[in-house]
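K.L.:
fold the following.
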Amino acid sequence: MSEAPPQDIANPQMSLTTKEGWRAFVDENPDPPPSLPSGTVLDEGELESYREARIDYHTRSVIVNTPTIRGVVTTGRKRIVLNRHQVSARRGLIVSGLAGTGKTTAITQLGKNVEQITRRRSPNAVGGLPVVFVTVPPAATPKMLAGEFARFLGIPLEHRMSQVQITNAVCDLLGKLGTTLVLVDEIHNLDLTTRNGAEASDQLKYLSERIAATFVLAGLDVETSSLFQGTRGQQIAGRYTVIPSRPFGHRIRADKESWQALVVTMENSLRRHAHRPGTLVAMADYLHERTGGLIGSLSQLIREAAVDAIDSGTEKITKRMLDEIELDHAVQKTRPDRPRVKYARRPKAA
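P.N.:
Sure, this is the predicted structure:
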């Protein structure tokens, strides 16, 4: 019996919309399960432990440095610097695009990068909170939006607290904690054509004035929503730069090379014993047709196939296995009956 391979199967990740969950996300840097040397013998318990460690590893999304992430991180850090001495009308970012194009991943990677840099610059600082992450609830009211900030901070909300009291408590605490970046996801839930949506938009603008931080928003197709309409919309449009988050193209050579690089990164992250390097790259055209170039759908497809390969004991991903995986409805409805693309087969080794 050999020594069991090391493992570190974390508990389910806490919500990013609490400071504890956010800090856990920033601290997270999971190592892949080690590869077992040829001839390693494990008993039944060790084998099951190793199997579960690999499954847990494949349930984690692989972070790929996509053009969207690079653009958001680079531009976001510039905005933070430019806003350093601004007392009002600070400039922000809006990441806008279809579902599954990596908007939330992009803004959270910006936040993670900013917080890690802040920690390195001030290693002895205690109690600061460089980054805040909240989501806009559906049909949000001004009080609900302020409540999301309070929930992130862990501010106890008494039943009779007014919107003004909650807002003041949030702004005062964030000022003391030195927050420099506020991330707001699901911004499309602000419907400026409704009274609640318009008032919640005003609340967000007020918070951006009271809190000396750069605001970065993300949402579905924000450019075509009501967010930029009317007087309120003009104010938002005048302060925020929109960074589009698009599906990967596949028409010109540069697009195909970018897509292949994405597939290569995801393939290299896999931990399966019978996998032949280059298998997924050879299916790059098929994978694009299957996912519509959406990074979220590609991640689901590859990770689910990897888990299936471990569970079934085959330890390899095949096209038949990929064909059997059901993807999200957004991808399925745009390609209901299209013929599958044939992919290049790897030549057999001599």
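
K.L.:
got a list of what residue 130 touches?
P.N.:
Each residue near residue 130 by Cβ atoms under 8 Å, 6 or more residues apart in numbering is listed here: 114, 115, 118, 119, 178, 179, 180, 181. To be clear about C-beta, it is placed using only N, CA and C from the backbone, and glycine gets the same treatment.

K.L.:
make it 7 Å
P.N.:
By Cβ atoms under 7 Å, 6 or more residues apart in numbering, residue 130 lies in contact with 114, 115, 118, 178, 179, 180, 181.

K.L.:
same question, residue 207
P.N.:
Contacts of residue 207 (Cβ under 7 Å, 6+ apart): residue 171.

K.L.:
can we see that at 10 Å?
P.N.:
By Cβ atoms under 10 Å, 6 or more residues apart in numbering, the contact list for residue 207 reads 134, 142, 145-146, 149, 167, 170-171, 174, 182, 184, 213, 215.

K.L.:
please report how far it lies from residue 234.
P.N.:
Separation of residue 207 from residue 234 (Cβ to Cβ, to the nearest Å): 19 Å.

K.L.:
of the contacts of residue 130, just the buried ones, PyMOL syntax please.
P.N.:
Only the buried entries of those go into this PyMOL selection, using 16 or more other Cβ atoms under 10 Å:
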select buried, resi 114+115+118+179+180+181
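
K.L.:
surely residue 140 and residue 190 touch.
P.N.:
Yes - between residue 140 and residue 190 there is a contact under Cβ atoms under 10 Å: 6.5 Å.

K.L.:
neighbour count: the two, which is higher?
P.N.:
residue 190 (28 against 25; other Cβ atoms under 10 Å).

K.L.:
element containing the residue positioned nearest the centre of the chain, please.
P.N.:
By Cα atoms, centre = their mean, the mean C-alpha position of the chain lies nearest to residue 105, the distance being 2.0 Å. Element membership for residue 105 (DSSP states H and E) is helix 103-121.

K.L.:
continuing past that helix, what's the next helix or strand?
P.N.:
strand 131-135.

K.L.:
hmm, back to that, quick one: mean pLDDT for the helix holding residue 105?
P.N.:
Mean pLDDT, helix 103-121: 95.

K.L.:
one more: stretch 69-88?
P.N.:
93.

K.L.:
quick one: contacts of it?
P.N.:
Contacts for stretch 69-88 (Cβ under 10 Å, 6+ apart): 63, 65-66, 89-93, 95, 102-103, 105-114, 117, 130, 180-181, 183, 208-209, 212-216, 218, 240-241, 243-245, 295.

K.L.:
return stretch 165-175 as CSV; C-alpha atoms alone will do.
P.N.:
In CSV, the C-alpha atoms belonging to stretch 165-175 read as follows (Å, rounded to 0.1, in the frame of the first residue of the first chain):
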residue,chain,number,x,y,z
GLN,A,165,-29.9,55.1,7.7
ILE,A,166,-28.7,52.0,5.8
THR,A,167,-27.1,54.2,3.1
ASN,A,168,-25.3,56.3,5.7
ALA,A,169,-24.1,53.3,7.5
VAL,A,170,-22.7,51.7,4.3
CYS,A,171,-21.0,54.9,3.1
ASP,A,172,-19.4,55.7,6.5
LEU,A,173,-18.0,52.1,6.9
LEU,A,174,-16.7,51.9,3.3
GLY,A,175,-14.9,55.2,3.9
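
K.L.:
can you give me the neighbour number for residue 215?
P.N.:
Residue 215 has 24 nearby residues by other Cβ under 10 Å.

K.L.:
need the overlap of contacts for residue 140 and residue 190.
P.N.:
Overlap of the contact sets of residue 140 and residue 190 (by Cβ under 10 Å, 6+ apart) consists of 196, 197, 199, 200, 201, 203, 204.

K.L.:
next, the buried residues of stretch 26-43.
P.N.:
Quick answer for stretch 26-43 (16+ other Cβ under 10 Å): 26, 33, 42.

K.L.:
measure residue 325 to residue 230 for me?
P.N.:
44 Å.
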